[in-house]
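Asks: Here is the input, now give the coordinates:
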Amino acid sequence: MQALIVSNILLWLLLIATSLVLLGLIRQIGVLHSRIAPAGALMLDKGVEVGKPAPQVTAADRFGRPVNIGYAGERSTLLFFLSPTCPICKSLLPAIKSMNRSANNLDVIYVSDGEALEHDKLISEAGLEKSTYVVSPDVGMTYQIGKLPYAVLIGQDGTLKAKGLVNSREHLDSLFETELLGSSTLQDYIKVQTESPGVHTPS
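Replies: Numbers count the residues shown, from 1 in each chain. Next comes the predicted model:
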């Protein structure tokens, strides 16, 4: 009889220990999930805040024609800051061209600075002859761009909708996702969702 009681106690202790281990594993899975969640474009704390009017600047394209940036218009604008010597910038060009073709209300402006011959070669290799391509340091300084590749999404009303370092197609997509989610960055949105489980994604 005493052996049976001891056996039951040991079984209960084993059950409790197993439950604690299981709870620990569930917690670790949650932590891992938050770490591997889509990071999105990394927004640096420089320049105008998301949700504020975008800085307005006029710069010449490679043909000398004026290009107005940051002003309200009929379409949204994606500024893609790049360099002819940046391999990641080049790898993203097909994705940006695809976005530009598929979106009916989006204008893409490629922005850089440096020697015109380098840009002419890049434009030819990437098939950007019909794209708006601005070679001017003024735009980068106005938007306080320090690292490349960098993208800025400006709404039709001239509001800065999203911005950040973009190292992949997923980072580019996150700029548009954060606008739909009403958040400044995907990281901020995930943080809010993690801290406030009752908050649901807008439909």
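Asks: Domain map for this protein?
Replies: Following the assignment in automatic domain parsing, the chain carries domains at 1-36, 57-195.
Asks: Turn these into CSV, columns for mean pLDDT and mean neighbour count.
Replies: Using the backbone N, CA and C atoms, a C-beta is placed for each residue, glycine as well. Listed next are these as CSV, based on pLDDT from 0 to 100; neighbours: other CB atoms under 10 Å:
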stretch, mean pLDDT, mean neighbour count
domain 1-36, 66, 10
domain 57-195, 87, 17
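Asks: a markdown table please, covering the ones you listed and showing distance to residue 49.
Replies: Listed next are the domains of the chain as a markdown table, based on distance: least, CB to CB, whole Å:
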| stretch | distance to residue 49 |
| --- | --- |
| domain 1-36 | 25 |
| domain 57-195 | 7 |
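Asks: For residue 48, find the nearest of those domains.
Replies: Closest to residue 48 of the domains of the chain, according to CB to CB: domain 57-195, at 5.4 Å.
Asks: is it true that residue 148 lies in a helix?
Replies: No - Residue 148: not assigned to a helix; according to DSSP: H, G, I helix; E, B strand; the rest coil it is coil.
Asks: Tell me which of the domains of the chain sits nearest to residue 47.
Replies: Nearest to residue 47, of the domains of the chain and by CB to CB, is domain 57-195 at 3.9 Å.
Asks: starting at the chain centroid, how far to the closest one?
Replies: 11 Å (CA atoms, centre = their mean, to the nearest Å).
Asks: Ok, stretch 14-26 next?
Replies: Chain-centre distance of stretch 14-26: 39 Å, with CA atoms, centre = their mean.
Asks: Would you mind giving the secondary structure of residue 122?
Replies: Per three-state DSSP, residue 122 ends up helix.
Asks: which non-adjacent residue is nearest it?
Replies: residue 84 (4.3 Å; CB to CB, 6 or more residues apart in numbering).
Asks: Quick check, the one you found in contact with residue 120.
Replies: No - taking contacts as CB atoms under 8 Å, residue 84 lies outside contact range of residue 120: 9.2 Å.
Asks: give the contact list for the residue nearest to residue 122.
Replies: 112, 114, 118-119, 121-122 (CB atoms under 8 Å, 6 or more residues apart in numbering).
Asks: Need the max-distance pair from those.
Replies: Farthest pair in those, by CB to CB: 112 and 121, 12.4 Å.
Asks: now the strands for this structure?
Replies: Taking DSSP state E to define them, one finds strands in the chain at 57-60, 66-69, 76-81, 106-112, 132-135, 150-154, 160-165.
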